[in-house]
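Novice: The amino acid sequence is not available; the structure is as follows:
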């Protein structure tokens with residue numbers, strides 16, 4: 001049975017069809033082929049969120065996974081994110097949680113907070 005999905009890799013938003021043999025149609029660029037196969041066999045997402053920070057300036061610090069994680073691990077990752085708090089200073093790219101939930105991805109800061 002074929003799967004239909006919208007490609008989110010580039011602004012084209014192609015309507016892809018992926019059949020049981022992983023043949024992809026409907027793509028306008030080659031990235032759509034790779035995305036279609038990946039989405040059907042092992043869907044992954046980059047998680048973006050915030051963690052608590054003991055700062056005079058802000059209450060939270062924005063974070064993200066440095067690589068996409070398996071979609072079925074998002075809730076487990078978010079449990080850890082929600083339990084995490086940090087102390088400044090923190091710089092862009094600082095690892096907040098290494099190998100979060102055993103996904104191989106690190107949770108990193110996306111903002112500098114010095115106080």
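Specialist: Nice, I can see it. Remember, predicted model here, so these are calculated numbers, not experimental data. Residues are numbered from 1 along each chain as shown.
Novice: Hmm, residue 110 and residue 91 touching each other?
Specialist: No. Counting by Cβ atoms under 8 Å, residue 110 is not a contact partner of residue 91; they are 10.4 Å apart. Yep, even glycine has a C-beta here, placed from its N, CA and C like the rest.
Novice: and the gap between the closest residue to residue 34 other than its chain neighbours and residue 97?
Specialist: Counting by Cβ to Cβ, 6 or more residues apart in numbering, residue 9 is the residue found nearest to residue 34 once chain neighbours are left out, at 8.0 Å. Separation of residue 9 from residue 97 (Cβ to Cβ, to the nearest Å) stands at 27 Å.
Novice: do the same with residue 74
Specialist: 14 Å.
Novice: Please say which of the two ends up with more neighbours.
Specialist: Taking other Cβ atoms under 10 Å, residue 74 and residue 97 do not tie; residue 97 has more neighbours (19 against 16).
Novice: pLDDT score for the more buried one?
Specialist: Listed pLDDT for residue 97 reads 98.
Novice: nearest spatial neighbour of it, skipping sequence neighbours?
Specialist: residue 107 (4.1 Å).
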